[in-house]
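I would like to see how this sequence folds:
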Amino acid sequence: MSDRAALASLIQDARRVVVFTGAGISTESGIPDFRSPGGVWSRMKPIYFQDFVASEDKRREAWTRAFSGVAGWVGASPNAGHDAVARLVATGKVSSVITQNVDNLHQESGIPDDRVIEIHGNASYATCLDCGLRHELAKLKGPFLERGEIPACRECGGIVKTATISFGQAMPEGPMARAEAETLACDLFLVLGSSLVVYPAAGFPLLAKRSGASLAIVNREPTEQDKYADLVLNEDIGPLLSAIVPAL
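Residues are numbered from 1 along each chain as shown. Model prediction:
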């Protein structure tokens, strides 16, 4: 049996699949990853959460990045990999998608918001750090670019930040709890495009395996967790899933 056929068989035989996605599924949409040569952090240093909160200059720098699109996190379209995952969710085979990505592409591919668990947040909108109110970037952009106004909450006046989880910022308790519960309930944990080096997120595949689920990893490069997996495919995600999903 080929590796592709083996993956199709794992998905077909599973009753409850959790898909876990990293930057590798979105690079096929033109979104850069973080850590590889040419990735986001090779071109600019991350702004730590505590510095964003403490420094108006750092907040201005962060918003300049956000509105210039220099990081390239938003504005792309879903690719064949996202579309295939959306089809699996629609069939009921996949209970949830846990994603490290902040690009909103799973939702744009048609997956309902309540089926996507964003453990590193979302770059397509902002929230108040004090009261949690959501702010749309389109309404913040004009005042910042035209008058240099650093976004503040329209309700409480608190600091507003894109809804991503920055270095030094606590992981979101609700999404992390949901991700753990979904991981413990699945019988197949499917990793798509994650290098599995960023913790605590990278702990979920191992938790699934320890809990009795099968583990399949699809990533262009080997990962440190390959030795624990039932199946590893070093392939591009879009072409692979486009070939497999229609046959399920």
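
since we're on D13, how many residues are nearby?
10 (other Cβ atoms under 10 Å). Heads up, the C-betas are built off the backbone N, CA and C, glycines and all.

Now do the contacts for it.
Contact analysis of D13 by Cβ atoms under 8 Å, 6 or more residues apart in numbering lists nothing.

what distance separates the strand of greatest length in the chain from the centre of its chain?
Using DSSP state E to define each element, the chain has its longest strand at strand 121-128. Centroid displacement of strand 121-128 relative to its chain, using Cα atoms, centre = their mean, to the nearest Å, is 13 Å.

Starting from that strand, tell me which strands it pairs with and how they run.
strand 134-136 (antiparallel), strand 160-164 (antiparallel) (DSSP bridges).

I'd like the next helix or strand past the helix or strand of the chain with the lowest mean pLDDT.
Across the helices and strands of the chain, mean confidence by mean pLDDT, DSSP states H and E is lowest for helix 40-43: a mean of 55. Per DSSP states H and E, helix 40-43 leads on to helix 49-54 as the next helix or strand towards the C-terminus.

What are the buried residues along that next one?
For helix 49-54, burial by neighbour count (16 or more other Cβ atoms under 10 Å) applies to F49, D51, F52.

helices or strands up against that helix?
Under the contact criterion of 3 or more Cβ pairs under 8 Å, 6 or more residues apart in numbering; DSSP states H and E, helix 49-54 touches helix 56-68.

Show residues contacting the helix it packs on.
Identification of contacts with helix 56-68 by Cβ under 8 Å, 6+ apart yields 44, 47, 51-52, 71, 123, 137, 140-141, 144-145, 148, 150-151, 159, 161-162.

Any chance of a PyMOL selection covering the buried ones in these?
A single PyMOL command selects the buried members of the contacts of helix 56-68 (16+ other Cβ under 10 Å):
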select buried, resi 47+51+52+71+123+137+140+144+151+159+161+162
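
tell me the contacts of E221?
Contacts of E221 by Cβ under 8 Å, 6+ apart are S195, N234.

Determine whether the claim that it is in a helix is correct.
No. Secondary structure of E221 (DSSP: H, G, I helix; E, B strand; the rest coil): coil, not part of a helix.

Now the phi/psi pair for the residue of the chain most remote from its centre, please.
Distance from the centre of the chain peaks at R147, with 32.6 Å (Cα atoms, centre = their mean). In terms of degrees, to the nearest 10, the main-chain angles of R147 are phi -130, psi 0.

Make 29 the first number, not 1, from now on.
With the count now opening at 29, the last piece we talked about shows up as R175.

how close does it get to K121?
Distance of R175 to K121, computed by Cβ to Cβ, to the nearest Å: 50 Å.

quick one: secondary structure of the residue nearest in space to the middle of the chain?
Centroid check for the chain by Cα atoms, centre = their mean gives N129 as the closest residue, at 2.0 Å. When classified by three-state DSSP, N129 comes out as coil.

I appreciate the help and will end here.
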